[in-house]
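Trainee: Sequence and predicted model, in that order:
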Amino acid sequence: MSVELNHTIVHSRDNRESAEFLANILGLEVGDAWGPFIPVSTSNGVTLDFASIPAESITMQHYAFLISDEEFDAAFQRIREQGITYYADPHGKQPGEINHHYGGRGLYFMDPAGHGMEIITRPYDNEE
């Protein structure tokens, strides 16, 4: 069997709020609660299990999602409609812009727990 990422736990102040936020942006479904977790599964079988923990215990993480051009258009529209601040760069120095790395499009935004989220239409590689 090849090695694949199956699931990861995403710390949040409110597991339902964070799961619903991401699922809404990406056009995904929120799964049924399983113990302390609220799952959101991606099309490649990876599940993000959102867990509530005290806010002071959350360490910011980065999650990048490879999506189609059509999915980007839909997610970008939802981001703008909801007034979510987005950036072309991970350091937040280009607000209100998207990037065009590797011939695609990408942007960064924060989730309710302070995690850095990224959507891209082309995977990163060594060719520009």
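Mentor: Great, that's in hand. Residues are numbered from 1 along each chain as shown.

Trainee: I'd like to know how many residues surround residue 99.
Mentor: Other residues within reach of residue 99, judged by other C-beta atoms under 10 Å, total 17. (Glycine included, C-beta is placed from N, CA and C.)

Trainee: can you check residue 88 too?
Mentor: Other residues lying near residue 88 total 18 when counted by other C-beta under 10 Å.

Trainee: do residue 29 as well
Mentor: Residues near residue 29, counting by other C-beta under 10 Å, number 10.

Trainee: Same question for residue 81.
Mentor: 8.

Trainee: Now do the contacts for it.
Mentor: Contacts for residue 81 (C-beta atoms under 8 Å, 6 or more residues apart in numbering) come out as none.

Trainee: again with residue 120
Mentor: Applying C-beta under 8 Å, 6+ apart, the residues contacting residue 120 are 64, 65, 66, 67, 101, 104, 105, 106.

Trainee: Kindly recompute the last result at 6 Å.
Mentor: Contact analysis of residue 120 by C-beta atoms under 6 Å, 6 or more residues apart in numbering lists 66, 106.

Trainee: Could you measure from it over to residue 82?
Mentor: 20 Å (C-beta to C-beta, to the nearest Å).

Trainee: now residue 122
Mentor: From residue 122 to residue 82 the distance is 25 Å (C-beta to C-beta).

Trainee: Report the buried residues of the helix or strand residue 20 falls within.
Mentor: For residue 20, the host element (DSSP states H and E) is helix 15-26. Residues of helix 15-26 classed as buried under the neighbour-count rule (16 or more other C-beta atoms under 10 Å) are 15, 17, 18, 19, 20, 21, 22, 23, 25, 26.

Trainee: Show residues contacting it.
Mentor: With contacts defined as C-beta under 6 Å, 6+ apart, helix 15-26 is touched by 12, 30, 38, 40, 50, 51, 52, 75, 78, 111, 112, 113.
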